[in-house]
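**Q** Predicted structure and sequence below. I'll ask about it afterward.
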Amino acid sequence: MENKQDKRLEGKVAVVTGGSSGIGQAIAIAMGKAGAKVVINYYSDEDGAKEAQQQIESAGSQAVIVEANVAKPEDCQRLIDTAVQEFGQLDILVNNAGVQKDSSFIDMTLDDWNKVISTNLTGHFLCAQAATREFMKRKVQPEDITSAGNIIFISSVHDIIPWAGHVNYATAKGGVQMLMKTLAQELAPNKIRVNGISPGAIKTDINRSVWENEKGREDMLTLIPYGRIGEPEDVAKVAVWLATDEADYITGTTIYVDGGMTLYPAFSDNG
C-alpha cells in the first residue's frame with residue numbers, strides 16, 4: 001500500500017544544481033521519489049546525472065538532465081527555462097553546485113579563489129535570481145499555506161566554522177549564509193521561501209579517501225559528537241521536507257545536518 005507521505009512533492013517541479021553526484025544527486029533522487037519532476041543539472045559528470053534520472057524515472061516520476069555552468073548567467077537562465085518548457089512550471093530551486101580548490105592562503109592563486117567564489121557563491125546568486133523572476137509570475141495570497149516558490153541553498157558547516165587551508169571555500173559558504181538570509185528577508189512579501197541546509201561530514205566522493213581509510217575515519221569521528229559520518233540521504237531527507245508545504249512557515253533558516261559538528265566537541269570535557 002502506497003504511503004501518501006512518500007509523494008509529498010507530487011505536482012511540484014524542482015531544479016537541482018550539481019545533481020550528478022554526492023549530496024546533489026541524493027537530493028534530486030529523493031525529490032523525484034517524493035513525486036517531483038526534476039531538472040538535474042551537471043557540469044562534467046553526465047553519467048552521474050543519467051543515473052539520477054534513471055532512478056527518478058524508475059520511481060514513476062520524470063526528470064531531464066541539463067549540462068550547465070552555474071557561474072554563467074545564461075546557463076542559469078537555461079536551467080529555469082528548461083523546467084518551464086519541459087514541465088510547465090518551477091516550484092523549487094536547490095542551489096547545490098560547488099567545487100573545492102584547496103591550498104594554504106599564502107599559496108592560493110587568484111584563479112583558484114575566483115573559481116570557487118564564482119561557482120559556490122556567484123552561481124547560487126545567479127540561479128536564485130533566475131528562479132525568482134519565474135516565481136514572481138505566480139500570485140499567492142498571504143493567507144495561503146503554500147509558497148510561490150522555494151529556494152534551498154546547500155551550504156556547509158564552514159559557513160560558521162573557519163577552515164584553514166580552504167579560505168576560498170569557507171568564504172563562499174559564509175557568503176551563501178548571508179545571501180540566503182538577505183533573500184529570505186527581501187522575498188518573503190512575495191511568498192517566496194528561502195532556506196539553507198549546512199551539512200557536516202558527509203560520505204561523498206570528494207572526501208572518500210578520508211572516510212574509507214580507518215585512520216581518516218577515526219580522525220573525522222572525533223569532530224562528530226553523534227558518532228557516525230553522515231550519508232547524502234541524511235541531507236536529502238531534510239531538503240525534501242523543506243520543499244513541502246509542511247515547512248511553509250519556515251524562511252530564512254539554516255538547518256545544520258552535521259551530527260553535532262557545530263557543537264565544538266573539543267570543549268565537551270570542559271575544554
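**A** Noted; the coordinates are in hand. Just so you know, these numbers come straight off a predicted model, no measurement behind them.
**Q** what about stretch 51-64, start to end distance?
**A** This stretch, stretch 51-64, spans 11 Å end to end (C-alpha to C-alpha, to the nearest Å).
**Q** Any idea how far that stretch is from the middle of the chain?
**A** The chain centre lies 19 Å from the centre of stretch 51-64; the measure is C-alpha atoms, centre = their mean, to the nearest Å.
**Q** Check what contacts that stretch and list those residues.
**A** Residues outside stretch 51-64 that contact it (C-beta atoms under 8 Å, 6 or more residues apart in numbering): 19-20, 25, 28-29, 32-33, 35-40, 65, 82, 86-87. Glycine gets a C-beta too; all of them are placed from N, C-alpha and C.
**Q** Sitting in strands, which of those do you find?
**A** Cross-referencing the contacts of stretch 51-64 against strands under DSSP state E gives 37, 38, 39, 40, 65.
**Q** so can I have TSV of those showing neighbour count and pLDDT?
**A** Below are the ones in strands among the contacts of stretch 51-64 laid out as TSV (neighbours: other C-beta atoms under 10 Å; pLDDT from 0 to 100):
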residue	neighbour count	pLDDT
37	23	98
38	33	98
39	31	98
40	30	98
65	20	98
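**Q** Quick check: of those, which lies closest to residue 145?
**A** Closest to residue 145 out of those is residue 37 (22.1 Å), distances taken as C-beta to C-beta.
**Q** I'd guessed the closest one sits against residue 16; true?
**A** No - using C-beta atoms under 8 Å, residue 37 is not in contact with residue 16, being 11.4 Å away.
**Q** elements contacting the lengthiest strand in the chain?
**A** Longest strand in the chain by number of residues (criterion: DSSP E): strand 192-199. For strand 192-199, the packing partners by 3 or more C-beta pairs under 8 Å, 6 or more residues apart in numbering; DSSP states H and E come out as helix 123-135, strand 149-154, helix 167-187, helix 232-243, strand 254-257.
**Q** Need the winner for burial among these.
**A** A comparison of those by mean neighbour count, using mean count of other C-beta atoms under 10 Å, puts strand 149-154 on top with a mean of 26.
**Q** For that strand, list the C-alpha coordinates in PDB.
**A** Extracted in PDB, the C-alpha atoms of strand 149-154 (Å, rounded to 0.1, in the frame of the first residue of the first chain):
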ATOM      1  CA  GLY A 149       8.500  29.400  -4.800                       C
ATOM      2  CA  ASN A 150      11.100  27.700  -2.700                       C
ATOM      3  CA  ILE A 151      14.800  28.200  -2.800                       C
ATOM      4  CA  ILE A 152      17.100  25.900  -0.800                       C
ATOM      5  CA  PHE A 153      20.800  26.800  -0.500                       C
ATOM      6  CA  ILE A 154      23.100  23.900   0.300                       C
END
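**Q** quick one: low-confidence parts of this structure?
**A** By pLDDT under 70, the low-scoring segments of the chain are 1-5, 271.
**Q** same thing but at 90, please
**A** 1-6, 139-145, 204-217, 219, 266-271 (pLDDT under 90).
**Q** and residue 252, how many neighbours?
**A** 16 (other C-beta atoms under 10 Å).
**Q** Please apply the same query to residue 250.
**A** Neighbours of residue 250 (other C-beta under 10 Å): 14.
**Q** Can you tell me the closest non-neighbouring residue to it?
**A** Spatially, and ignoring its direct neighbours in sequence, residue 250 is nearest to residue 195 (6.1 Å; C-beta to C-beta, 6 or more residues apart in numbering).
**Q** ok so, going back, do you know which of the helices and strands packed on strand 192-199 lies nearest residue 204?
**A** Nearest of those to residue 204, taken as C-beta to C-beta: helix 232-243 at 6.4 Å.
**Q** residues contacting the closest residue to residue 167 other than its chain neighbours?
**A** The spatially closest residue to residue 167, leaving aside those adjacent along the chain, is residue 105, at 4.9 Å (C-beta to C-beta, 6+ apart). Going by C-beta under 8 Å, 6+ apart, residue 105 touches 164, 165, 167.
**Q** Repeat that for residue 228.
**A** So residue 228 contacts 221, 259 (C-beta under 8 Å, 6+ apart).
**Q** From residue 147, how far off is it?
**A** With distances taken as C-beta to C-beta, to the nearest Å, residue 228 is found 33 Å from residue 147.
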